[in-house]
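Visitor: Could you look at this predicted model? Sequence included:
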Amino acid sequence: MDTSLLTRNADYEWWVTPFGKMRVPAVIYASEALVRDMDVKVYEQATNVATLPGIVRASYAMPDAHWGYGFPIGGVAAFDPEEGGVVSAGGVGFDISCGVRTLHTGLRPEEVEPVKRELADALFRTVPAGLGSTGRLHLSEQEMDAMLRGGARWAVERGYGSPEDLERIEEHGCMAGAMPEEVSRHAKDRQRDEMGTLGSGNHYLEVQEVTEVFATDVAGAFGLRPGDVVLSIHCGSRGLGHQIGTEFLKRMTLTAGSSEIELPDRELACAPINSQLGQSYLGAMRAGINCALANRQIITHLSRMAFAEVLPRAELTLLYDVSHNICKVEEHAVDGRSRRLFVHRKGATRAFGPGHPDLPEVFRATGQPVLIGGSMGTGSYVLVGTSQGEVRSFGSSCHGAGRSMSRHQALKQWRGRELIDQLAREGIVIRSPSSRGVAEEAPGAYKDVGAVVDAADAAGLSRKVARLKPLACIKG
Amino acid sequence: MTGTRWEHFAHGSDVGVRGVGPSKEEAFEQAALALTAVIADLQAVEPKEEVEITCEAPDDELLLVDWLNALVYEMATRKLLFGRFRVQLNGHRLDGRARGERIDVARHQPAVEVKGATLTCLRVGREADGSWAAQCVVDV
């Protein structure tokens, strides 16, 4: 992106002053190098979002923003229903509540290294991964609805994990306001065999080692020390979420003409929050969030089984579970008064700072953990929410690295088998059902996640706490 | 005229699929081939089973999105991959047939699952040479 399109307000803050039909400015948080590297589509999409009715304060783009559909990926926008605000299926994304969960293992690398391959094999055997894989759990119609209402809490009640897990999940593991009756038969059909499956693409299950700690106080409070081994799970709401996204994107497109919302591009399709369609979507989307939370909870249970097989001493306890494709109702102070806003985070992580009332007691003093996934050969990061983030981005931060190269280019450049061997030489064990999938997810096809988290830290959106290095990765 | 073909085009983290042919029907068929090629090598998919698909939409563009999404749904729920397609258009109604086989992970090496077709870069129309093109970005 040409930086002359933007006004630089601070080292890591770039503004687009409202022009045309923009109701608010667009604000990009990134270093100069990241902005130069961003597709100009991020500028177009962030300014388009700024034209939507009821948008509050600004249309934001996080340091990892890239070209999405309608909203940029890495986009944050809040809407006020009292001012005609809208909800957008594209502003949430197809993979509703896709997110990252990190668990402590209580293990040190010297315990894991000798059995790393066996551990990777056990995880690969136990957690279904890849296209066409099916879970062992097949839900009846009644159970499907109970899962869509209960989320991770439903999973715990069915024996997947323990009640202590729930406190360390956003919404305490259960998104209120879910309406399974708004989820179509097709969406439920797509989910029938997919509970407790990882999916494919950039989704993974990774055994990681804490290699660096940046904020000792916060890392201590999170229970992270250099040399600790953790497990991270990156996946979402599977077929159910994808189908909800697909169907509501279409319904919002078809009704856009009649709802008097002027759209700069029809991929921005949305509905007023206070409309029947808006409410239907919110009910279905919240059911999708619960599906993702239940899914990550079941995968957690399966991972515990796999660890118990190979490393019986391991004790997998939750650090936190964050979602990065969502729309949530939150209270935010705007112009000196508290307002109830519908905050869209599309490829952006909630990053509430110290003292936020929505956080569980355990994170009230520090702020919430912000879990950032890298690519399979590089690092991941744990950050923490800041108080400034509330003012800068409605308490939001980045979510990952983002691709620097298309899948097609990656496939031309790498062979899956060779990549697996090369990563093995670097001490990273890869297990995947598809060598083509591994090639397309090559570490070199992703941007540098380090530069992204450095920018999020420097912009004050969240603070770096720890760096995680992969030891073993299960790729879908 | 460059003939009947499919191709992918780059889009951030996702993939664009484009079908080109002498008729709109062929462009839709080719776009479906491009969709499968996002997932697996088309040559490896054998036409053992057939699924019939019908969709209707207010315009050509949304009909393409519906067609691709119907294929995504059939692939996901039947655990199939499709390698051959026939499309008949009657106004904005599509009657299609997709032939393929059950996913065999070892043989097909599916790289990625398509979550859905988007309205991004969505276009159905004639190229300068008179051929038809049908394209959009799919979320993976």
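Guide: Cool, got the structure.
Visitor: in chain B, what spans have low per-residue confidence?
Guide: Judged against pLDDT under 70, the low-scoring parts of chain B cover residues B:1-2.
Visitor: Helices of that one, start to end?
Guide: B:24-39, B:60-78, B:105-108 (DSSP state H).
Visitor: Pipe those into CSV and attach mean neighbour count per row.
Guide: Every residue, glycine included, has its C-beta placed from N, CA and C. Formatted as CSV, those follow (neighbours: other Cβ atoms under 10 Å in any protein chain shown):
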stretch, mean neighbour count
helix B:24-39, 24
helix B:60-78, 22
helix B:105-108, 14
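Visitor: How about residues contacting stretch B:63-72?
Guide: Outside of stretch B:63-72, the residues within contact range by Cβ atoms under 8 Å, 6 or more residues apart in numbering or on different chains are A:242, A:246, A:250, B:17, B:28, B:31-32, B:35, B:53, B:55-57, B:82, B:87, B:89, B:92, B:94, B:96, B:98, B:114-119, B:122, B:124, B:134-136, B:138.
Visitor: ok, so what distance separates the closest residue in space to residue A:261 that isn't next to it in sequence from residue A:263?
Guide: Once flanking residues are discounted, residue A:261 sits nearest to residue A:53: 6.1 Å by Cβ to Cβ, 6 or more residues apart in numbering or on different chains. Remark: distance between residue A:53 and residue A:263 (Cβ to Cβ, to the nearest Å) = 10 Å.
Visitor: which residues touch residue A:53?
Guide: Neighbour list for residue A:53: A:23, A:79, A:83-86, A:261, A:272 [criterion: Cβ under 8 Å, 6+ apart].
Visitor: SS state for it?
Guide: Per DSSP: H, G, I helix; E, B strand; the rest coil, the local secondary structure of residue A:53 is coil.
Visitor: tell me the phi and psi of it?
Guide: phi -60, psi 140 (degrees, to the nearest 10).
Visitor: per-residue confidence for residue A:254?
Guide: Residue A:254 carries a pLDDT score of 89 in this model.
Visitor: quick one: which helix or strand includes it?
Guide: Per DSSP states H and E: residue A:254 is located in helix A:238-256.
Visitor: For that helix, enumerate the helices and strands it packs against.
Guide: helix A:185-191, strand A:271-272, helix A:276-310, helix B:60-78, strand B:116-117 (3 or more Cβ pairs under 8 Å, 6 or more residues apart in numbering or on different chains; DSSP states H and E).
Visitor: gap between the closest residue to residue A:269 other than its chain neighbours and residue A:91?
Guide: In space, residue A:269 comes closest to residue A:252 once its chain neighbours are excluded; the distance is 3.7 Å by Cβ to Cβ, 6+ apart. Distance, residue A:252 to residue A:91, using Cβ to Cβ: 10 Å.
Visitor: Find the residues that touch each one of those two.
Guide: Residues touching both residue A:252 and residue A:91 (Cβ under 8 Å, 6+ apart): residue A:270.
Visitor: of these two, who's got more company?
Guide: Looking at residue A:252 and residue A:91 with other Cβ atoms under 10 Å in any protein chain shown, you find the greater number of neighbours at residue A:91, namely 29 against 26.
Visitor: so that one sits right up against residue A:346, yeah?
Guide: Yes - because the distance of 5.4 Å satisfies Cβ atoms under 8 Å, residue A:91 is recorded as touching residue A:346.
Visitor: shared neighbours, those two?
Guide: In contact with both residue A:91 and residue A:346: A:71, A:75, using Cβ under 8 Å, 6+ apart.
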